[in-house]
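Engineer: Any chance you can model this:
(2 chains)
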Number of protein chains: 2
Amino acid sequence: MDTHALHQRIRTLRSQAKILSSSTIEQRNQLLLTIADGLVRDYQLIRSANELDVAQAVENGQKESLVKRLIFSEEKLAAVTLGLQQVAELKDPIGHVLERRLLDDGLLLEKVSFPIGVIGMIFEARPDALVQIVSLCLKSGNGIILKGGKEAQRTNTELVASIQRSCAGSALGDTWLLLVESHADVELMLGMEKEIDLLIPRGTNQFVRYVMDHTSIPVLGHADGICHLYIDEHADLAKAVEIAYDSKTQYPAACNAVETILVHQAVAAAFLPKLAKRLAQGHVVMHGDAAAQNLISCTPYQEGDWGMEYLALEVNIRVVDSLEQAIDHIETYGSHHTDAIVSEDEMAIRTFFLQVDSADVFANCSTRFSDGFRFGLGAEVGISTAKIHARGPVGLEGLMSSKYLLKGQGQVVGTYSGTEPKQFLHTELAKDGSSLAFGGER
Amino acid sequence: MDTHALHQRIRTLRSQAKILSSSTIEQRNQLLLTIADGLVRDYQLIRSANELDVAQAVENGQKESLVKRLIFSEEKLAAVTLGLQQVAELKDPIGHVLERRLLDDGLLLEKVSFPIGVIGMIFEARPDALVQIVSLCLKSGNGIILKGGKEAQRTNTELVASIQRSCAGSALGDTWLLLVESHADVELMLGMEKEIDLLIPRGTNQFVRYVMDHTSIPVLGHADGICHLYIDEHADLAKAVEIAYDSKTQYPAACNAVETILVHQAVAAAFLPKLAKRLAQGHVVMHGDAAAQNLISCTPYQEGDWGMEYLALEVNIRVVDSLEQAIDHIETYGSHHTDAIVSEDEMAIRTFFLQVDSADVFANCSTRFSDGFRFGLGAEVGISTAKIHARGPVGLEGLMSSKYLLKGQGQVVGTYSGTEPKQFLHTELAKDGSSLAFGGER
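Structural biologist: Residues are numbered from 1 along each chain as shown, chains lettered A, B, ... in the order given. Next up is the predicted model:
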């Protein structure tokens, strides 16, 4: 698509997204279920396209992990259709009254949740991520521009064709979503700060970093996941061993897997041999600082290790003098994603909670809990390490913005200023009931 | 300050801001009152510095409006100290429990409000804005780097010296705020995306636009304020005239003053002569399209007028065919700041509320109500036209981020996955009471 055609198409998408955002929740939920049925009906088409993509990827010598993520198996179809049904069951995120205040008699202010507008999603090889993000955008009333990896191009085309057939038969139309395909389109998307309100990149760190560095559109996501586990001097060491083992081995390629374990010197001699034994069962390679090397056999620490995101069965071990040194280490080398303390000392936990400046700060549990599903958000767009807008695992709420609505009876500001200004009431009202925008009357 | 020294200083500022964010609300409120007392005590020093700045500005031939904003009179001192007292009375924004969910027995999740971290404020000639933003940052536990305009340099230096003297005597210290002075420091600030979490520029449109275009740090604010007033076919025309008059003339230099009045063709003949008569009393120059020119005497519309932010006693008049055309005009030419409808038709109001995509969408009242004080937010950082994070007038809430805190008893994710996964409870709990980070126990 050339720039002009793409701009035109996105203008259509934006106005169709407005219809989406004014639609009833029943219409959006019904369409979610229709899309699920459609994908089941069209599975053979999608499967055939996917087999071609997979064969091509194997032929091109792609990594096994990529090929695995690329395969759109019947299990993935089942997960995707279940996901659509679950999103249909979530509460409507549109039209929540976030503030309601009577400024004066007959002058009512509401802050109401509305969709952000147009979301741009750029993702690598996972076709199931496409369906997930489409479902969340539909539910939240946002238009969506999708750019998938070229490895999954045939699969994505069939998935979107199936979704659009389901949409075409509904009142909501099929122009609120758009699949773009060329690499040139990605560059166009990165420059469309007037057309796209939020970008969600999903893929490798390098890829997310590239997107963040090449656009002025707000980006929701995270590049690095350098997570820490600190074993305090007052830790229950048996718990600490199992938490460390789970945090590293339960799924080492995940962003919330631990990369560095910090151990208080007072418990290092008692803890590290137990830890080394347990991690050996998981075939984990340990990189230890000098103090750790004195207590266990491990690969000697090398310059730069503290900043590594291994995403593999490797972990750093550092012995620290104090809680403060642990917090300093996390501030210096961490990526503000997920960091955990193991301690039975409530004051140490509280200090850690207060002073560690990360999206997810945990005590006495695995870093792997950092996840939208485990957090009970229903569905996840991604995990944000930004401090603005959304932080941590992001569900539907992260796809919402708000508007202030003010309804009067002819009031003017002149009345409330000058030498004898009328005073505002500023009476806080209950937030229940329908918004002014949806026919709520008071 | 050279780059290295500035980085060092900001590192100190960031760690001091952590102490601020862990302090009690009593400590922060007490310091706000101490700062107010200090400014009164130091007023002669500040006044002398201010007189030199003002004399210099006059000598340099600065605009009268700038000189007026620059003067730090006793009235402004009184307003500033009252502001500090009012901020001290606002509720503590730190530590609010935004979500609380029991993931499983003994595994409690909280989403808790925490300060954003380090705010960078770049402002032009208003010294009172300096005190206001310092008070909001102190209350919300954020470190602050201030860069004022060179016209106010002597005044700002004395203001910050006074504030720092008050801080030095408190437990919170005086290193959480920093005044930088050279233009080179602004360029340094714009590049400090690792050190500064949020930039708040306050000044002319061109200035805000420059900041937005030259940094990858999130920016809170707005460049343009092209606000519209739409007079519907079912408008009460008497109300419409007064709302239009107030929206344009009550303070024409404000971002929320109306720039274009859209009039439904069905009421144009009845409305426009009344409007013209009233606006003439306010010496407002009207730029009318062809249809308006047929009904009233006005300056003919010229290409580009719809995109003008006059910030003066000038306004565009356009006759439209329908509500839809009005909404289209606002989407095409507006800046998503504040737009209002005048109508007695509830369905027209609802359509306007739903489909106009602006931070503030009003019905039957003046656009000039778009303001943090009038909205009852207590204090205002600025008005945001971003759709991410904060939108519309922004109070303390816009200076807050959040963390997810998770406290367990040794739980690992392995338990909740695999072939016989334990199910999560995901029980929603009441959000009242103290957070885990502040000693809340459940």
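Engineer: so who does residue A:21 touch?
Structural biologist: Neighbour list for residue A:21: A:94, A:114-115, A:141-142, B:354 [criterion: C-beta atoms under 8 Å, 6 or more residues apart in numbering or on different chains]. Every C-beta, even on glycine, is put in place using the N, C-alpha and C of the backbone.
Engineer: let's see 10 Å
Structural biologist: Listed by C-beta atoms under 10 Å, 6 or more residues apart in numbering or on different chains, the contact set of residue A:21 reads A:28, A:94-95, A:114-117, A:140-143, A:176, B:354-355, B:357.
Engineer: just residue A:19 next, same as before
Structural biologist: Residue A:19 neighbours (C-beta under 10 Å, 6+ apart): A:27, A:141, A:143, A:171-173, A:175-176, B:355.
Engineer: Check residue A:110 too.
Structural biologist: A:95, A:97-101, A:402-407, A:429, A:431, A:435-437, A:440, A:442, B:353 are the contacts of residue A:110 under C-beta under 10 Å, 6+ apart.
Engineer: Kindly recompute the last result at 6 Å.
Structural biologist: A:97, A:100, A:405, A:435-436 (C-beta atoms under 6 Å, 6 or more residues apart in numbering or on different chains).
Engineer: mind listing which of those are in strands?
Structural biologist: A:97, A:100, A:405 (DSSP state E).
Engineer: Backbone dihedrals for residue A:199, please?
Structural biologist: Phi and psi for residue A:199, reported as degrees, to the nearest 10, are phi -110, psi 140.
Engineer: quick one: buried residues of the host helix or strand of residue A:86?
Structural biologist: Assessed by DSSP states H and E, residue A:86 sits inside helix A:74-89. Neighbour-count burial for helix A:74-89 flags A:76-77, A:80-81, A:83-84, A:87-88 (criterion: 16 or more other C-beta atoms under 10 Å in any protein chain shown).
Engineer: Please list the residues of the stretch 1-150 of chain A that sit near chain B.
Structural biologist: Neighbours of chain B within the stretch 1-150 of chain A, by C-beta under 6 Å from any C-beta of the partner chain: A:18, A:22, A:101, A:116.
Engineer: In those, find the pair that's most separated.
Structural biologist: Across these, the longest distance by C-beta to C-beta is 26.7 Å; it joins A:18 and A:101.
Engineer: Check the burial of the residue of the stretch 251-400 of chain A found nearest chain B by counting its neighbours.
Structural biologist: The stretch 251-400 of chain A approaches chain B most closely through residue A:365 (3.1 Å), counting by C-beta to the nearest C-beta. Number of residues near residue A:365 (other C-beta atoms under 10 Å in any protein chain shown) recorded here: 26.
Engineer: cool, residue A:229 as well?
Structural biologist: By the criterion of other C-beta under 10 Å, residue A:229 has 25 neighbours.
Engineer: pLDDT score assigned to it?
Structural biologist: Here the pLDDT value assigned to residue A:229 is 98.
Engineer: so who does the spatially closest residue to residue A:140 that is not a sequence neighbour touch?
Structural biologist: Of all residues not flanking residue A:140 in the chain, residue A:399 sits nearest, at 4.2 Å (C-beta to C-beta, 6 or more residues apart in numbering or on different chains). Neighbouring residues of residue A:399 by C-beta under 6 Å, 6+ apart: A:116, A:140, A:142.
Engineer: Give me the distance between residue A:399 and residue A:360.
Structural biologist: 20 Å (C-beta to C-beta, to the nearest Å).
Engineer: Then residue A:289?
Structural biologist: In terms of C-beta to C-beta, residue A:289 sits 25 Å off from residue A:360.
Engineer: ok, those two, which is more surrounded?
Structural biologist: residue A:360 (28 against 18).
Engineer: Please read off the pLDDT at residue A:270 from the model.
Structural biologist: 98.
Engineer: quick one: which helix or strand includes it?
Structural biologist: Assigned by DSSP H and E, residue A:270 belongs to helix A:265-281.
Engineer: The next helix or strand along the chain from that helix pairs with which strands, and in what direction?
Structural biologist: Next along the chain after helix A:265-281, taking DSSP H and E as the criterion, comes strand A:285-288. Strand pairing for strand A:285-288, using DSSP bridges, gives strand A:299-300 (parallel), strand A:314-320 (parallel).
Engineer: Need the winner for burial among those.
Structural biologist: Stretch with highest mean neighbour count among these: strand A:314-320 (a mean of 24; mean count of other C-beta atoms under 10 Å in any protein chain shown).
Engineer: Report the backbone C-alpha coordinates of the helix or strand following it in CSV.
Structural biologist: Next helix or strand after strand A:314-320 toward the C-terminus (DSSP H and E): helix A:323-333. The C-alpha coordinates for helix A:323-333 follow below in CSV (Å, rounded to 0.1, in the frame of the first residue of the first chain):
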residue,chain,number,x,y,z
LEU,A,323,19.2,-4.9,52.0
GLU,A,324,20.3,-1.4,51.0
GLN,A,325,23.1,-2.8,48.7
ALA,A,326,20.6,-5.2,47.2
ILE,A,327,18.2,-2.3,46.4
ASP,A,328,21.1,-0.4,45.0
HIS,A,329,22.1,-3.3,42.8
ILE,A,330,18.5,-3.6,41.5
GLU,A,331,18.3,0.2,40.8
THR,A,332,21.7,0.1,38.9
TYR,A,333,21.4,-3.1,36.9
